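A.B. asks: pasting the structure only:
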């Protein structure tokens with residue numbers, strides 16, 4: 001497996017492969033950039049087909065975290081960790097503690113938190129081996145960042161809708177949400193409260209049915225979500241969902257969701273732009289969670305201040321989309337350039 005000439009390698013500062021025979025741990029930590037501060041990024045536990053797929057994911061996700069923190073104006077760099085395992089079958093206290101020791105070996109250059117396949121209780125086990133953990137909550141409250149991620153996406157969606165459709169309200173807006181896990185469900189409820197009409201899908205048919213009944217939403221099969229007659233498509237599941245084929249199929253005129261790395265390739269952003277589909281760059285829209293997780297690291301936690309910070313995502317989206325319109329560029333390209341400008345000071 002080659003690293004330095006990997007297509008997703010982007011001058012990452014450090015890549016660590018960790019193994020623990022006793023617990024079965026096979027993990028990769030990627031530290032992309034620490035110019036703004038220690039690299040913070042979640043721990044993804046997923047049954048990757050092989051190490052190459054895991055490396056590809058961790059390289060892409062860590063770079064996205066660098067850009068996310070820069071555009072969210074946080075004193076953090078970007079990093080990510082992945083464990084090659086099935087979280088439902090392979091996750092044990094011994095494996096998580098071994099992961100904690102791997103995080104500790106980086107001496108604070110990387111701070112971990114929950115992500116797909118890991119949760120707050122997992123972070124508490126990791127915390128037994130390292131203090132470089134966030135997402136544990138304050139004063140007995142949950143450390144789950146999902147509501148903050150969802151609210152940031154909601155704010156980004158409102159801004160993108162305003163730029164594309166020239167309207168400030170969401171009443172009657174048709175939003176197709178792909179994935180109604182923690183973040184997607186919070187987003188659906190907030191959109192429902194704002195009067196949007198929802199079309200939902202998820203591979204978990206049980207959760208999908210319950211949420212659809214709760215919100216009076218229409219549910220569709222996973223493969224049909226790209227073809228529904230919607231104004232907005234909100235990807236809130238796994239990444240790389242926006243392929244060239246999907247970009248051609250979409251009927252929605254706005255894409256704004258919570259999933260990381262939504263673009264399968266950079267060329268897809270240009271195809272969306274050519275079709276008049278306005279794309280809110282994912283690492284800008286979904287920054288609410290990292291804003292909350294960073295705030296949890298400090299002794300004085302002010303939830304209202306965190307929410308104000310999350311809601312500033314709207315202003316960042318406005319800046320990106322305004323630049324994109326003035327330059328006739330796709331928003332993903334503009335966001336990357338703006339993030340690099342902020343990293344260079």
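C.D. replies: Noted; the coordinates are in hand. Source: prediction; values computed, not measured.
A.B. asks: Show me how far stretch 236-248 is from its chain's centre.
C.D. replies: 14 Å (CA atoms, centre = their mean, to the nearest Å).
A.B. asks: got the buried residues for it?
C.D. replies: 236-242, 246-247 (16 or more other CB atoms under 10 Å). Where C-beta positions appear, they are placed from N, C-alpha and C, glycine not excepted.
A.B. asks: And the element among helices and strands of the chain having the smallest mean pLDDT, what does it pack against?
C.D. replies: Ranked by mean pLDDT, DSSP states H and E, the weakest helix or strand in the chain is helix 288-296, scoring a mean of 92. Helices and strands touching helix 288-296, by 3 or more CB pairs under 8 Å, 6 or more residues apart in numbering; DSSP states H and E, are strand 39-46, helix 51-71, helix 146-165, helix 303-311.
A.B. asks: Identify all contacting residues around stretch 181-196.
C.D. replies: Outside stretch 181-196, the residues within contact range by CB atoms under 8 Å, 6 or more residues apart in numbering are 144, 146-147, 149-151, 153-154, 157, 169-175, 177-178, 180, 198, 200, 202, 204, 207, 211, 215-217, 234, 236-237, 257-258, 286, 289.
A.B. asks: Stretch 336-345 now?
C.D. replies: The contact list for stretch 336-345 (CB under 8 Å, 6+ apart) reads 33, 35-36, 66-67, 70-71, 73, 281, 319-320, 323.
A.B. asks: Show the buried residues in these.
C.D. replies: 33, 36, 66-67, 70-71, 281, 319-320, 323.
A.B. asks: So which of those residues is the closest to residue 3?
C.D. replies: residue 33 (16.3 Å; CB to CB).
A.B. asks: ok, the closest one touching residue 77?
C.D. replies: Yes - assessed by CB atoms under 8 Å, residue 33 is found in contact with residue 77 at 4.7 Å.
A.B. asks: what residues do these two have in common as contacts?
C.D. replies: Residues touching both residue 33 and residue 77 (CB under 8 Å, 6+ apart): 39, 66.
A.B. asks: How about the contacts made by residue 12?
C.D. replies: 30-33, 59, 62-63.
A.B. asks: my guess is residue 318 contacts residue 159, does it?
C.D. replies: Yes - if you go by CB under 8 Å, residue 318 and residue 159 touch, sitting 5.4 Å apart.
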